[in-house]
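Novice: Just need the structure, nothing else, for what follows:
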Amino acid sequence: VLSESYVWLCVAMNVIGGVNEANLDLLEVVERATYANVMNCVSSLTHLGFVALFAYSMESDLVVLGLVMTMIESLFLCINVAIPYMMGWYRPFEQGLFGKLTLFRDTSV
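Specialist: Numbering: from 1, shown residues only. The predicted structure follows:
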C-alpha cells in the first residue's frame, strides 16, 4: 500500500520535474544557461537539504518524503517560470510558442 501511494507521487514529481527541465532547457538554448545551471544547482541542494531534514528529524515514511520532493519541484517550476517571464526572456518567443497553437485558432477544420 505504501508503494502504491508513493508511485503516484513519483509520477507527479517526474511530470512536474520534466516540465521544469524543458523550461530550463529552453532557457539554455536562448543563452540564459547561467540562470538555468544556477537554478538547477539550487534546486538540487534544496532537495538534498529538505529530504535530509525530514528523513532525520522526523519519523517520515516514503510518502512524506515524496510529498516534500513534489512540493519542492512545484515551487521551483513556479519560480523558473515566473522569473524569466518577469525578466522578459520569453517575449521574443511567445508568438512562436503560444501563437501558433491549433487550440487557439479561430477557424475550425
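Novice: mean confidence score for stretch 62-72?
Specialist: Stretch 62-72 carries an average pLDDT of 91.
Novice: what packs against the helix or strand containing Ala22?
Specialist: Of the helices and strands defined by DSSP states H and E, Ala22 is found in helix 2-29. The criterion is 3 or more C-beta pairs under 8 Å, 6 or more residues apart in numbering; DSSP states H and E, and the helices and strands that helix 2-29 contacts are helix 33-57, helix 62-87. Where you see a C-beta, it was placed from the backbone N, CA and C, and this is true even at glycine.
Novice: As CSV, these with mean neighbour count and distance to Cys10 would be great.
Specialist: Formatted as CSV, the helices and strands packed on helix 2-29 follow (neighbours: other C-beta atoms under 10 Å; distance: least, C-beta to C-beta, whole Å):
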stretch, mean neighbour count, distance to Cys10
helix 33-57, 13, 14
helix 62-87, 16, 6
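Novice: what's the distance between Val15 and Phe93?
Specialist: 23 Å (C-beta to C-beta, to the nearest Å).
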